[in-house]
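1. sharing a sequence plus its predicted fold:
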Amino acid sequence: MHFAVFFFAFALTGTTLALDNGLMRTPPMGWLAWERYRCDIDCENDPKNCISENLFMDMADRLAEDGWKELGYVYVNIDDCWSSKQRDDQGRLQPDPKRFPGGIQKLARYLHDRGLKLGIYGDMGKLTCGGYPGTPLDKIELDAQTFADWEVDMFKYDGCYSNATEQEQGYPLMSKALNATGRPIGYSCSWPAYQGGLPPKVNYTQLGEICNLWRNYGDIQDSWDSVLNIVDWFFENQDVLTPAAGPGRWNDPDMLIIGDFGLSMEQSRSQMALWAIMAAPLFMSNDLRTISSGAQSILRNKMAISINQDALGIQGRRIVKEKSGIEVFWRPLSKNASALLFFSRRTDMPYRYTTSLSKLNYTTGSYKVFNVFTDEAASLKDSTEFVVSVNPTGVVMWYVSAPAKFNLRQFYQGGTLHGRVYDDREENAIPRVFL
């Protein structure tokens, strides 16, 4: 079966529902503190890099003033170690008074004044992973209301120091409590990561009904090996994970480490491209005050962002795995377009890979092909063989504009697949960002 047929049929008939809060219809984008800054609370000796309101204001300024916000990077997310070691006299969480002297609500308003959004972190257990007060079952409603009072826009709920029974109760309860506040708060769950990430322990239908995104797997580290480990797990389990994702409900392979210390430029392009294919949340964890121009150009790539943010919201798949170390990934996009990614696991030299669109299960026709990272464009018939030269640990990524559109109204009727039905009344326009 043609890949597009399979995915469009799934899109029309999939049973997984999204959390009914209207948020994150495309993968959320922004900046997140954890990978780069961890639990650095030594503001006396390292005031620019410690977990404090100054750090988050600095990153907000960079997002707002340096053009990141206009590309979609709008969240500034606090992770662990932000709070005081004790709740206040009324039992509420409170920020560390020395590092957040203005309080979380003041920080939220600082971001909101710049057109940005604030995310914050909590933990299911009595303690967070870093040893700060957690949110156990009896504190869920109180903490949800506290976050709403602080005008928080996103909440990540981790799971250290909790057990499976508490998680089974707590993650749905927090979803209900956040919605009950009346404030739109995007909800990130770490539940599947603590249950191995796969059925039968993980129910992705339920997750899609209570969470906007979820961490399935372990934390990313600042290394190429870590990126590959995550990519391997996600695509080896793509038959389970791909149907779980969609508008308002996303698999989260963790942060972008582009602009840090562990990746080359080739590997940085690879992470950006693979995360775009996976419809992954794009949360950078780097120093936007000092980031290199090369890393900036990758993170700001409008074609890659457009693919990641495609409104259809279907997560891509690996479709070819060659003995040569070349792998091919494919993602269906709006307007009957698609993204193709050629990825090299080789570490020796560029590899010239020969194939054709018809070998990759594209239907008969002439296609417009746009190289995401070079801005080159060409027309290509499905039967024409072509060669892509893929650098070691690198990628070649294409946006492929198809010759016609699917008419989704006629595509799937009464549970019976009726084949490819095209609607030629409109030209299949190239996304404006590409022009």
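-> Everything's here; your move. Residues are numbered from 1 along each chain as shown.
2. confidence score at residue 402?
-> We note a pLDDT of 78 for residue 402 in this prediction.
3. er, residue 428 I mean
-> In this prediction, residue 428 has a pLDDT value of 39.
4. same deal with the one 3 residues further on?
-> In the prediction, the pLDDT value recorded for residue 431 is 38.
5. what does the one 4 residues further on give?
-> The predicted local distance difference test score for residue 435 is 29.
6. renumber starting at 667 from here on
-> Yes, from this point I'll number from 667; that puts the last item at residue 1101.
7. which residues touch the residue nearest to residue 1019 when sequence neighbours are not counted?
-> Distances taken as C-beta to C-beta, 6 or more residues apart in numbering place residue 992 nearest to residue 1019, at 4.8 Å, with adjacent residues excluded. For the C-beta atoms, the positions are set from N, CA and C on the backbone; glycine is no exception. By C-beta atoms under 8 Å, 6 or more residues apart in numbering, the contact list for residue 992 reads 986, 1008, 1009, 1010, 1011, 1012, 1017, 1019, 1056.
8. for those, pick the one with the most neighbours.
-> residue 1010 (26 neighbours; other C-beta atoms under 10 Å).
9. against residue 900, how distant is that residue?
-> Per C-beta to C-beta, to the nearest Å, residue 1010 is found 18 Å from residue 900.
10. do residue 719 as well
-> Applying C-beta to C-beta to residue 719 and residue 900 gives a distance of 35 Å.
11. higher neighbour count, the two?
-> For residue 719 versus residue 900, neighbours defined as other C-beta under 10 Å are more numerous around residue 900 (23 against 20).
12. just confirm that one is within a helix.
-> Yes - membership of residue 900 in a helix is supported by DSSP: H, G, I helix; E, B strand; the rest coil.
13. so what's it scoring on pLDDT?
-> Here, the pLDDT recorded for residue 900 equals 98.
14. can you check the one 5 residues further on too?
-> The predicted structure scores residue 905 at 98 on the pLDDT scale.
15. could you report the distance from it to residue 832?
-> Taking C-beta to C-beta, one finds residue 905 at 30 Å from residue 832.
16. quick one, which of these two is more surrounded?
-> residue 832 (16 against 9).
17. pretty sure residue 804 is one of the things that one touches, is it not?
-> No - counting by C-beta atoms under 8 Å, residue 832 stays clear of residue 804, with 10.8 Å between them.
18. C-terminal to whichever helix or strand residue 893 is part of, what's the next element?
-> Element membership for residue 893, per DSSP states H and E: helix 890-902. Once the chain leaves helix 890-902, the next helix or strand it forms, by DSSP H and E, is helix 904-910.
19. output the contacting helices and strands for that following helix.
-> For helix 904-910, the contact count by 3 or more C-beta pairs under 8 Å, 6 or more residues apart in numbering; DSSP states H and E identifies helix 870-876, strand 983-987 as packing neighbours.
20. so which of the ones you listed is the most packed in?
-> Among these, helix 870-876 has the highest mean neighbour count (mean count of other C-beta atoms under 10 Å), at a mean of 19.
21. for that one, name the packing helices and strands.
-> helix 830-846, strand 852-855, helix 904-910.
22. repeat that with 10 Å
-> Applying 3 or more C-beta pairs under 10 Å, 6 or more residues apart in numbering; DSSP states H and E, one finds that helix 870-876 contacts helix 830-846, strand 852-855, strand 879-881, helix 904-910, strand 916-918.
23. and the first one, what's buried?
-> This points to helix 830-846. By 16 or more other C-beta atoms under 10 Å, the buried positions in helix 830-846 come out as 832, 833, 836, 837, 838, 840, 841, 843, 844, 845.
24. CA atoms only for that helix - export them in CSV, please.
-> What follows is helix 830-846, C-alpha atoms only, in CSV (Å, rounded to 0.1, in the frame of the first residue of the first chain):
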residue,chain,number,x,y,z
ALA,A,830,3.1,2.9,39.3
THR,A,831,-0.1,3.1,41.4
GLU,A,832,0.4,6.7,42.3
GLN,A,833,1.2,7.5,38.6
GLU,A,834,-2.0,5.8,37.4
GLN,A,835,-4.0,8.0,39.7
GLY,A,836,-2.0,11.2,39.6
TYR,A,837,-1.4,11.9,35.9
PRO,A,838,-5.1,11.9,35.1
LEU,A,839,-6.0,13.8,38.2
MET,A,840,-3.5,16.6,37.3
SER,A,841,-5.0,16.8,33.9
LYS,A,842,-8.4,17.3,35.4
ALA,A,843,-7.1,19.8,38.0
LEU,A,844,-5.3,21.9,35.4
ASN,A,845,-8.4,22.1,33.2
ALA,A,846,-10.6,22.9,36.3
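25. packing partners for it?
-> helix 806-815, strand 820-824, strand 852-855, helix 870-876.
26. pretty sure residue 934 is touching residue 970, no?
-> No - the criterion here is C-beta atoms under 10 Å, and residue 934 misses it with residue 970 at 11.2 Å.
27. what's the overlap in contacts for these two?
-> Common neighbours of residue 934 and residue 970, counting by C-beta atoms under 10 Å, 6 or more residues apart in numbering, are residue 964.
28. do you know the pLDDT at the closest residue to residue 966 other than its chain neighbours?
-> Nearest non-adjacent residue to residue 966, counting by C-beta to C-beta, 6+ apart: residue 737, 5.9 Å away. Here, the pLDDT recorded for residue 737 equals 98.
29. correct me if wrong: residue 737 contacts residue 963.
-> No - with contact defined as C-beta under 10 Å, residue 737 and residue 963 do not form a contacting pair (11.9 Å).
30. neighbour count for the two, which is higher?
-> residue 737 (18 against 13).
31. may I see the buried residues of helix 830-846 arranged in a markdown table, with pLDDT and distance to residue 789 as well?
-> Output for the buried residues of helix 830-846, formatted as a markdown table (pLDDT from 0 to 100; distance: C-beta to C-beta, whole Å):
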| residue | pLDDT | distance to residue 789 |
| --- | --- | --- |
| 832 | 98 | 11 |
| 833 | 98 | 11 |
| 836 | 98 | 10 |
| 837 | 98 | 12 |
| 838 | 98 | 16 |
| 840 | 98 | 11 |
| 841 | 98 | 16 |
| 843 | 98 | 15 |
| 844 | 98 | 15 |
| 845 | 97 | 20 |
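32. quick check, nearest of those residues to residue 758?
-> Lowest distance from residue 758 to the buried residues of helix 830-846 (C-beta to C-beta) belongs to residue 843, with 14.1 Å.
33. what sits against the closest one?
-> 801, 806-811, 813-814, 821, 836, 851, 853.
34. ok, now residue 859?
-> Applying C-beta under 10 Å, 6+ apart, the residues near residue 859 are 824, 825, 868, 880, 881, 882, 883, 884, 885, 918, 920.
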